[in-house]
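Student: kindly return the folded structure for what I paste below:
(chains A, B, C and D)
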Protein chains: 2
Amino acid sequence: MVQKRRRGAELEQAIYQAALQLLKTKGFLNFNFADVADLANTSKSVIYRRWQTPFSLAIAAIQDKITTENHGRTDDFTLTGHSLREDLLQLLQRFIISMQTFKDFRITELLGEATKEENTTIQQLMSEGNAIDLNALDHILTRAKKRGEIIKTDLPEEIALLPFDWLRFQLFTNQPLTERKLELLVDDVLLPIYQSKSRSD
Amino acid sequence: MVQKRRRGAELEQAIYQAALQLLKTKGFLNFNFADVADLANTSKSVIYRRWQTPFSLAIAAIQDKITTENHGRTDDFTLTGHSLREDLLQLLQRFIISMQTFKDFRITELLGEATKEENTTIQQLMSEGNAIDLNALDHILTRAKKRGEIIKTDLPEEIALLPFDWLRFQLFTNQPLTERKLELLVDDVLLPIYQSKSRSD
DNA sequence: TGAATAAGAAACTATTAGTATCTTAAAACG
DNA sequence: CGTTTTAAGATACTAATAGTTTCTTATTCA
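Tutor: You can find the predicted model right below:
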């Protein structure tokens, strides 16, 4: 019946789209090659030729989505806040949006199923933006210091990552990320940390 | 061949033990009734009669383990620290130990596979100790206030839970929980938060 | 235009989750 | 103490599906 045959990149994109849609609607639990093939209007064997496991296809599809969209993160992020507080809220808002992709495709289900080494893959995928976020945070703190708002700037990486980790945890455990929570994080946690005296002082 | 037949609670315990061992060694991924039956020296049908899904068996087994062991948490936890810092480190050390059970049985795999409502079950399981921990933290902060060490005591629940959430996140993402991290958490995060001025001041 | 490549269809195999049936040990009961 | 009831345990069966293989043919490329 079908005359036209897609191949190469075109076909691959169709498979990725189908995979992403299925991840969104049915989750990684019940994610299988047969369904992807059906939805992409291709054949199981085509999928099997390219990917070893549903897991690797899922990762590839998400990876592709992220790299093409850069999921909202850029280094040349312009800060418009007039205070440390405003800058932080802005950064974290942006972070939440960028995490939405992971939430949409139910990354937690993947994380759970992943073996140790596959887990590392997801870890990398998620923390790929870390460098950018850490950089942005550093930039924000430097600005604040110039304004005379804060004392601390050079934070240990673990501590600098804490707000991002905490937000990811909320996401993983399906807890809602409300505006209130974000403000509590900034006002009751981050500002006190950044404005506290250094131990060495 | 087999003459003796176990039943009731005795049999159930054998099944739980087998289930826990399998969760530990092979994870919830590849956790199935057949293996449990084999290891417990019983029959598949016995398992099917009692539990609907491998998921519910896994939860029941972990639940059982925790309730019988109380996983190291008690309300009458005696604080021996001579400073807020010491008290906090002590509390968090204890928390990490109590989380070990979840790590051992690869709770993340369960979390990922869980449906929304099943997820709630796990959430409850994990946060069952929250009340105890929050209480302990409150106690610690009150002691510190009496000593004149801090300013803040009545924290919003979300903020009070932050250290526990952060530690859980490290666990979920298989990041090592080193002594260094714990000290960073206390020195660079918690103490500044607890010792910072209230917004209303 | 002919050869090489890869898509797509379909059939086949093996595994396994879940169910059903039957026998009999263990407990309950009179 | 003998009879009835309950539930354990063994085994066989069914249905679904993951993964493989084979074959045909559209598409590309020389």
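
Student: show me which residues of chain A sit near DNA strand C.
Tutor: Counting by CB under 7 Å from any atom of the strand, chain A comes close to DNA strand C at A:1-2, A:5-8, A:11, A:41-46, A:49. (Each C-beta comes from the backbone N, C-alpha and C, glycine too.)

Student: which residue ranges of chain A form helices?
Tutor: A:8-26, A:33-39, A:44-50, A:54-69, A:84-104, A:107-113, A:116-127, A:130-147, A:157-172, A:179-184, A:191-195 (DSSP state H).

Student: is the shortest one positioned near chain B?
Tutor: Going back to what we said before, that points to helix A:191-195. Yes: Helix A:191-195 is in contact with chain B by CB under 8 Å from any CB of the partner chain, via A:191, A:192, A:193, A:195.

Student: how about the nearest residue to the residue of chain A found nearest chain B, chain neighbours excluded?
Tutor: Nearest to chain B in chain A, going by CB to the nearest CB, is residue A:112, at a distance of 2.0 Å. The shortest distance from residue A:112 to any non-neighbouring residue, by CB to CB, 6 or more residues apart in numbering or on different chains, is to residue B:112 (2.0 Å).

Student: and if you look at residue A:176?
Tutor: Residue A:176 sits nearest to residue A:170 (CB to CB, 6+ apart), 7.7 Å away.

Student: does the one you found touch residue A:182 like I think?
Tutor: No: counting by CB atoms under 8 Å, residue A:170 does not reach residue A:182; the two are 9.9 Å apart.

Student: what's the nearest residue to the most centrally placed residue in chain A if we skip its chain neighbours?
Tutor: Residue closest to the mean C-alpha point of chain A, counted by CA atoms, centre = their mean, is residue A:99 at 3.8 Å. Distances taken as CB to CB, 6+ apart place residue A:171 nearest to residue A:99, at 5.7 Å, with adjacent residues excluded.

Student: can you count the residues close to the residue nearest to residue A:176?
Tutor: Residue A:170 is flanked by 21 other residues according to other CB atoms under 10 Å in any protein chain shown.

Student: what sits against it?
Tutor: With contact taken as CB atoms under 8 Å, 6 or more residues apart in numbering or on different chains, residue A:170 is in contact with A:176, A:177, A:181, B:165.

Student: isn't the last one up against residue A:168?
Tutor: In other words, residue B:165. No: between residue B:165 and residue A:168 no contact is recorded; they are 10.2 Å apart, counting by CB under 8 Å.

Student: check which helices and strands the helix or strand of chain A with the lowest mean pLDDT sits against.
Tutor: Least confident helix or strand, chain A: helix A:116-127 with a mean of 79, by mean pLDDT, DSSP states H and E. For helix A:116-127, the elements it packs on are helix A:54-69, helix A:107-113, judged by 3 or more CB pairs under 8 Å, 6 or more residues apart in numbering or on different chains; DSSP states H and E.

Student: buried deepest among those, which one?
Tutor: Highest mean neighbour count among the helices and strands packed on helix A:116-127 (mean count of other CB atoms under 10 Å in any protein chain shown): helix A:107-113, with a mean of 24.

Student: elements contacting that one?
Tutor: helix A:54-69, helix A:116-127, helix B:107-113.

Student: could I get the residues of chain A next to DNA strand C as TSV with neighbour count?
Tutor: Below are the residues of chain A next to DNA strand C laid out as TSV (neighbours: other CB atoms under 10 Å in any protein chain shown):
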residue	neighbour count
A:1	2
A:2	6
A:5	8
A:6	15
A:7	8
A:8	7
A:11	16
A:41	12
A:42	18
A:43	13
A:44	14
A:45	10
A:46	17
A:49	8
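
Student: restrict those residues to those near DNA strand D?
Tutor: Restricting the residues of chain A next to DNA strand C to those near DNA strand D - CB under 7 Å from any atom of the strand - leaves A:5, A:7, A:44, A:45.

Student: which one of those is nearest residue B:88?
Tutor: When these are compared for distance to residue B:88 (CB to CB), residue A:44 wins out at 55.5 Å.

Student: what's near enough to touch residue A:12?
Tutor: Contacts of residue A:12 (CB under 8 Å, 6+ apart): residue A:50.

Student: for it, give its distance to residue A:50.
Tutor: 7 Å (CB to CB, to the nearest Å).

Student: again, but for residue A:4
Tutor: 20 Å.

Student: okay, those two: which has more neighbours?
Tutor: residue A:50 (13 against 4).

Student: tell me the pLDDT of the residue nearest to residue A:112.
Tutor: Note on residue B:112: pLDDT of 77.

Student: that one contacts residue A:122, correct?
Tutor: No: the criterion here is CB under 8 Å, and residue B:112 misses it with residue A:122 at 10.7 Å.

Student: and for these two, which residues touch both?
Tutor: Common neighbours of residue B:112 and residue A:122, using CB under 8 Å, 6+ apart, are A:110, A:111.

Student: what is the neighbour count of residue A:114?
Tutor: 23.
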